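Chemist: Just the structure for this:
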Amino acid sequence: MTSIPEQEVVEFCSELIRIPSVNTGDPATIGDGEAIAAKYLQGKLEEVGYETDYIEAVAGRGNVVARLAGADPDRGALLIHGHVDVVPANATEWTVDPFSGAVQDGYVWGRGAVDMKDMVAMTLAVARDFKRRNVIPPRDLIFCFVSDEEAGGVFGAEWLVDNKPEWFTGATEAISEVGGFSINIDDTRRAYLVAAAEKGVAWATLTATGRAGHGSMIAEDNAVTSIAEAVATLGRHEFPIVRTATVDAFLSAITELTGLEFPEDDLEGAISKLGPVSRIVNATLRNTANPTMLTAGYKANVIPSSAQATVDCRILPGQVESFTAEVERLVGDGVKVDWFLSPPLEYPFEGPLVDAMKDAVRAEDEHGHPIPYMLSGGTDNKAFSRLGIAGFGFSPLQLPADLDFSSLFHGVDERVPVDALQFGVRVLQRFLTTC
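Modeler: Down below sits the predicted model:
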């Protein structure tokens, strides 16, 4: 028989997906979906007795927080945070309406099901359960739900850190998305990948300038040519492999569990044998720079005076200065580079918090092995690190062996297994009462 929070988590996940809190990254096209989602969460928290604070960084970009007092107020509080925004979805590509929140075939379907309304729903279900049962956790728990993670957190976590740091008073550690999910080792054993590190996010805006003129003339100083050359050079460049402590710890744990070796002369090939998760792991072996946007010109027969490109760069811990210098060298002196940078994170996979994660997973899965890994993307843990909060990716899900989980992030037919949500609730209940 499923418990009340195990029943509620499916309902909450479905209802949150039905709120189209789409973040296009363009303020002109973003509606009030994030505010509606945040107010939904506020209402569910207040319904069971929480006092909440709600604020919109700008109209429609809602953020909400609630705190549950712990037994030892002198211990550092634990922040459990999640974002309510999702990326757009093209309904014509999906099996179901991406904002239907359909519960069918053992899954909850829709945009945000794994990024990250699943964890938001699990957190909400556990928070409500604790309040109903008057559970007193060992330390203060701060539940925070924010906007704008999908566009850098400017109106969410980053804004709150700058403008509402009192919401996080006393917080020393945090958990959030993209960690704690399982990969199958064999027919019975599973590894649970906990994000102990994140690559830095660096969005580079390249700008080339030249002489404007008629398209029929010889143009030796063409901004479009300059930006195209810079983008091609950067996009084709392969940065060298750099070993980091977290990736080495991951590979050592996999070797211990499977016997698989990772030789230096074929590291990426060996990692590829791990299956779909290898896409993430191989991306954490080196810095990357992927051109994603080009902007130039306004008429076929006019040579523009400037051209721009956006490059999505992801940087390994300890590599920020050397990487940014290398990018600027590669694009050349004639191209200006402006950076939007959120630094990489890396924390030791040890200590009481990590022990509590391991124990909670093993209590629900006797064949489970929590191990560290590095996230190739980024989360709002980066913003909260500015307050001295050490953030881990721990959104526990026990997944079926045939589900290509990593492909669902921002992908078509995004979905999360119902029993994985219920597993996550049980793990979080254990973890938050022992952390």
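
Chemist: hey, C-alpha coordinates of the helix or strand that contains Ala270 in PDB?
Modeler: Using DSSP states H and E, Ala270 sits in helix 267-272. Extracted C-alpha coordinates of helix 267-272, given in PDB (Å, rounded to 0.1, in the frame of the first residue of the first chain):
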ATOM      1  CA  LEU A 267      39.700   6.600 -22.100                       C
ATOM      2  CA  GLU A 268      36.700   7.900 -24.000                       C
ATOM      3  CA  GLY A 269      36.200   4.500 -25.800                       C
ATOM      4  CA  ALA A 270      36.200   2.700 -22.500                       C
ATOM      5  CA  ILE A 271      33.700   5.100 -21.000                       C
ATOM      6  CA  SER A 272      31.400   4.700 -24.000                       C
END
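
Chemist: from the chain's centre, how far out does that helix sit?
Modeler: 24 Å (Cα atoms, centre = their mean, to the nearest Å).

Chemist: Could you list the buried residues of that helix?
Modeler: Leu267, Ala270, Ile271 (16 or more other Cβ atoms under 10 Å). For glycine as for every other residue, the C-beta is placed from the backbone atoms N, C-alpha and C.

Chemist: what does stretch 395-413 give?
Modeler: For stretch 395-413, a neighbour-count test (16+ other Cβ under 10 Å) marks Ser395, Pro396, Leu397, Gln398, Leu399, Leu403, Phe405, Ser406, Leu408, Gly411, Asp413 as buried.

Chemist: just stretch 91-103 next, same as before
Modeler: Going by neighbour count (16+ other Cβ under 10 Å), the buried part of stretch 91-103 is Trp94, Val96, Pro98, Phe99, Ser100, Gly101, Ala102, Val103.

Chemist: of those residues, closest to Asn184?
Modeler: Set against Asn184, the nearest of those by Cβ to Cβ is Val103 (24.5 Å).

Chemist: Give the burial count for the residue nearest to that closest one when sequence neighbours are not counted, as a bare number.
Modeler: Leaving aside its sequence neighbours, Val103 sits nearest to Ser14 (Cβ to Cβ, 6 or more residues apart in numbering; 5.6 Å). Using other Cβ atoms under 10 Å, Ser14 has 20 neighbouring residues.

Chemist: which helices and strands does the helix or strand harbouring Ser14 pack with?
Modeler: Using DSSP H and E, the element containing Ser14 is helix 4-17. If you count contacts as 3 or more Cβ pairs under 8 Å, 6 or more residues apart in numbering; DSSP states H and E, helix 4-17 packs onto helix 33-47, strand 107-109, helix 117-132, helix 418-432.

Chemist: need those in CSV with mean pLDDT, distance to Arg243 and mean neighbour count, can you?
Modeler: Below are those laid out as CSV (pLDDT from 0 to 100; distance: least, Cβ to Cβ, whole Å; neighbours: other Cβ atoms under 10 Å):
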stretch, mean pLDDT, distance to Arg243, mean neighbour count
helix 33-47, 98, 39, 21
strand 107-109, 98, 37, 25
helix 117-132, 98, 30, 25
helix 418-432, 98, 30, 23
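
Chemist: Ok, which of those comes nearest Gln308?
Modeler: helix 33-47 (27.7 Å).

Chemist: Alpha carbons of the closest one, as CSV, please.
Modeler: C-alpha atoms of helix 33-47 as CSV (Å, rounded to 0.1, in the frame of the first residue of the first chain):
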residue,chain,number,x,y,z
GLY,A,33,3.8,30.4,-15.9
GLU,A,34,6.6,30.5,-13.4
ALA,A,35,4.6,32.7,-11.0
ILE,A,36,1.6,30.3,-11.3
ALA,A,37,3.8,27.3,-10.6
ALA,A,38,5.5,29.0,-7.6
LYS,A,39,2.1,30.1,-6.2
TYR,A,40,0.8,26.6,-6.6
LEU,A,41,3.7,25.3,-4.5
GLN,A,42,3.1,28.1,-2.0
GLY,A,43,-0.5,27.1,-1.6
LYS,A,44,0.3,23.5,-1.1
LEU,A,45,2.9,24.4,1.6
GLU,A,46,0.6,26.8,3.4
GLU,A,47,-2.2,24.2,3.2
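
Chemist: Report the contact partners of Leu285.
Modeler: Taking Cβ atoms under 8 Å, 6 or more residues apart in numbering, we find Leu285 in contact with Ile241, Val242, Arg243, Val247, Leu267, Glu268, Ile271.

Chemist: just Ala245 next, same as before
Modeler: Counting by Cβ under 8 Å, 6+ apart, Ala245 touches Ala197, Glu346, Pro348.

Chemist: Quick one: buried ones out of those?
Modeler: The buried subset of the contacts of Ala245 - by 16+ other Cβ under 10 Å - is Ala197, Glu346.

Chemist: now, which of the contacts of Ala245 sits nearest Gln319?
Modeler: Distances from Gln319 to the contacts of Ala245, taken by Cβ to Cβ, are shortest for Glu346, at 11.0 Å.

Chemist: distance of the closest one from Glu264?
Modeler: 21 Å (Cβ to Cβ, to the nearest Å).

Chemist: do the same with Glu56
Modeler: For Glu56, the distance to Glu264 - Cβ to Cβ - is 51 Å.

Chemist: Who has more neighbours out of the two?
Modeler: A count of neighbours by other Cβ under 10 Å puts Glu56 above the other of Glu56 and Glu264, at 17 against 8.

Chemist: Got the domain ranges for this structure?
Modeler: Structural domains annotated on the chain: 4-181+377-432, 198-342, as defined by automatic domain parsing.

Chemist: I'd like to know which of those domains lies nearest to Pro352.
Modeler: Nearest to Pro352 among the domains of the chain is domain 4-181+377-432 (9.4 Å), distances taken as Cβ to Cβ.

Chemist: how about the helices in the protein?
Modeler: In the chain, the helices defined using DSSP state H lie at 4-17, 33-47, 117-132, 157-163, 223-236, 245-258, 267-272, 278-283, 320-331, 352-364, 381-384, 418-432.

Chemist: a markdown table for those, including distance to Ala171?
Modeler: Rendered in a markdown table, the data for the helices of the chain read as follows (distance: least, Cβ to Cβ, whole Å):
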| stretch | distance to Ala171 |
| --- | --- |
| helix 4-17 | 24 |
| helix 33-47 | 18 |
| helix 117-132 | 15 |
| helix 157-163 | 11 |
| helix 223-236 | 38 |
| helix 245-258 | 22 |
| helix 267-272 | 35 |
| helix 278-283 | 27 |
| helix 320-331 | 25 |
| helix 352-364 | 12 |
| helix 381-384 | 8 |
| helix 418-432 | 14 |
